[in-house]
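Trainee: Provided below are the primary sequence and the corresponding predicted coordinates.
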Amino acid sequence: GESVGLHLPTLSVQEGDNSIINCAYSNSASDYFIWYKQESGKGPQFIIDIRSNMDKRQGQRVTVLLNKTVKHLSLQIAATQPGDSAVYFCAENLHNTDKLIFGTGTRLQVFP
Amino acid sequence: ETGVTQTPRHLVMGMTNKKSLKCEQHLGHNAMYWYKQSAKKPLELMFVYNFKEQTENNSVPSRFSPECPNSSHLFLHLHTLQPEDSALYLCASSQDGGTEAFFGQGTRLTVV
């Protein structure tokens, strides 16, 4: 993707460690949130979502945490693998709109 | 394969040319989106269509003209573009507006 040219925040982790990627969202009226993964040359791929009536949701090896008080979202990846290396975006849906707004992204690098 | 297909994958056009980007989704979704991904802004929402009606226009210049003839097809007509319009243009679809969106692989546009 085009994020290669950006000065993105980068998280470097060793294979097997847990990763935590953070996102601050902007609009308190947002009530639905999604994490996407984008690998080089591909479009963003859905990982996990959460609605504002929840604080936590778990998937396979991933957990999303939502703190509405401080408008903060995090993605936890357990036992990070080299295939997890990508740029990760959070996205928010503004209540009662069709808008899906993306954050700036974080690059995850996994070292053997 | 995400079920969202974009053509062409690459496009080089002059500033006086007219071209169109095409997106087709095979997921039975009702909403379709155009995003621009560049080195300056990671994923910038351009337009949203829901049930063939445009519901969001994110202050996009008129040299970009979207068309949605039915819920499965979305076009982006381009004319008199500028070099700064060079970017990856991503199409996405979702069941309803603002929900989990599935992305195509994008059209990499270069304006010369």
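Mentor: Perfect, I can see it now.
Trainee: quick one: name the residues of chain A near chain B.
Mentor: Contact residues, chain A versus chain B (Cβ under 8 Å from any Cβ of the partner chain): A:1-6, A:8, A:32, A:34, A:41-46, A:49, A:87, A:89, A:91, A:93-94, A:97-105. Yep, even glycine has a C-beta here, placed from its N, CA and C like the rest.
Trainee: nearest to chain A: which residue in chain B?
Mentor: B:Gly97 (2.8 Å; Cβ to the nearest Cβ).
Trainee: counting neighbours, what do you get for that residue?
Mentor: Neighbourhood size, B:Gly97 [other Cβ atoms under 10 Å in any protein chain shown]: 23.
Trainee: quickly note the distance from it to A:Gly105.
Mentor: To A:Gly105, B:Gly97 is 23 Å away according to Cβ to Cβ, to the nearest Å.
Trainee: circling back to that earlier point, the residues of chain A next to chain B, buried ones only, as a ChimeraX selection?
Mentor: This is the ChimeraX syntax for the buried subset of these, where burial follows 16 or more other Cβ atoms under 10 Å in any protein chain shown:
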select /A:1,2,3,6,8,32,34,43,44,46,49,87,89,91,93,94,97,98,99,100,101,102,103,104,105
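Trainee: now, the residues of chain A next to chain B that are in strands?
Mentor: A:32, A:34, A:45-46, A:49, A:87, A:89, A:91, A:93-94, A:100-102 (DSSP state E).
Trainee: circling back: you'd agree the residue of chain B closest to chain A is in a strand?
Mentor: No. Counting by DSSP: H, G, I helix; E, B strand; the rest coil, B:Gly97 is not part of a strand but coil.
Trainee: which residue packs closest to it, ignoring adjacent ones?
Mentor: Sequence neighbours aside, A:Asp98 is the residue nearest to B:Gly97 in space, at 2.8 Å (criterion: Cβ to Cβ, 6 or more residues apart in numbering or on different chains).
Trainee: ok, which residues in chain B are in contact with chain A?
Mentor: Residues of chain B lying near chain A (Cβ under 8 Å from any Cβ): B:2, B:4, B:31, B:33, B:35, B:37-40, B:42-45, B:48, B:50, B:55-56, B:58, B:87-88, B:90, B:92, B:94, B:97-106.
Trainee: show me which of the residues you listed are buried.
Mentor: B:2, B:4, B:31, B:33, B:35, B:37-38, B:42-45, B:48, B:50, B:56, B:87-88, B:90, B:92, B:94, B:97-106.
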